[in-house]
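Enquirer: structure, please.
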Amino acid sequence: MILQQLQNYLRTHCSSSLEELTQHFGSDADALRGMLAQLIRKGRVRKVASKQCGGCHSCAPESLERYEWANFDS
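Expert: Predicted structure coming up:
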């Protein structure tokens with residue numbers, strides 16, 4: 001997967017959890033975080049503050065980690 005594919009996915013879907021991205025791209029969460037960090041530095045993506053669930057700790061952290069497209073001009 002290349003950075004452009006990730007960027008296009010977020011541009012199309014506007015928002016996604018890290019878990020959704022790992023499933024869609026079949027990629028490791030840490031690898032995606034590195035690519036997302038590049039897009040964040042470029043101002044194209046932003047990390048959304050995640051809502052904490054009820055505290056049962058049964059949710060995968062990747063399901064609560066969300067990113068959204070931030071560069072609405074393109």
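Enquirer: contacts, neighbours, all on C-alpha from now
Expert: Will do.
Enquirer: pLDDT below threshold where in this structure?
Expert: Low-confidence segments of the chain (pLDDT under 70): 1, 51-63, 72-74.
Enquirer: quick one, strands of it?
Expert: 15-17, 45-48, 66-69 (DSSP state E).
Enquirer: other residues contacting the second one?
Expert: Outside of strand 45-48, the residues that reach it under the criterion Cα atoms under 8 Å, 6 or more residues apart in numbering are L10, L36, L39, I40, E65, R66, Y67, E68, W69, A70, N71.
Enquirer: and it, which residues are buried?
Expert: Under the neighbour-count criterion of 16 or more other Cα atoms under 10 Å, strand 45-48 has V45, R46, K47 buried.
Enquirer: partner strands of it, with direction?
Expert: Partners of strand 45-48 in the sheet, by DSSP bridges, are strand 66-69 (antiparallel).
Enquirer: could I have the partner strand exported to CSV, CA atoms only?
Expert: The C-alpha trace of strand 66-69 is given here as CSV (Å, rounded to 0.1, in the frame of the first residue of the first chain):
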residue,chain,number,x,y,z
ARG,A,66,-10.1,7.6,14.7
TYR,A,67,-8.7,9.7,11.9
GLU,A,68,-10.5,12.1,9.5
TRP,A,69,-9.7,13.9,6.3
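Enquirer: pull the longest helix from this protein.
Expert: In the chain, taking DSSP state H as the definition, the longest helix is helix 29-41.
Enquirer: sorry, back to before: the contacts of strand 45-48: which two are farthest apart?
Expert: Within these, E65 and N71 form the most distant pair, 19.2 Å apart (Cα to Cα).
Enquirer: so for these two, which residue has more residues nearby?
Expert: E65 (17 against 14; other Cα atoms under 10 Å).
Enquirer: so what's the more buried one up against?
Expert: Counting by Cα under 8 Å, 6+ apart, E65 touches S17, L18, E19, K47, V48, A49, S50.
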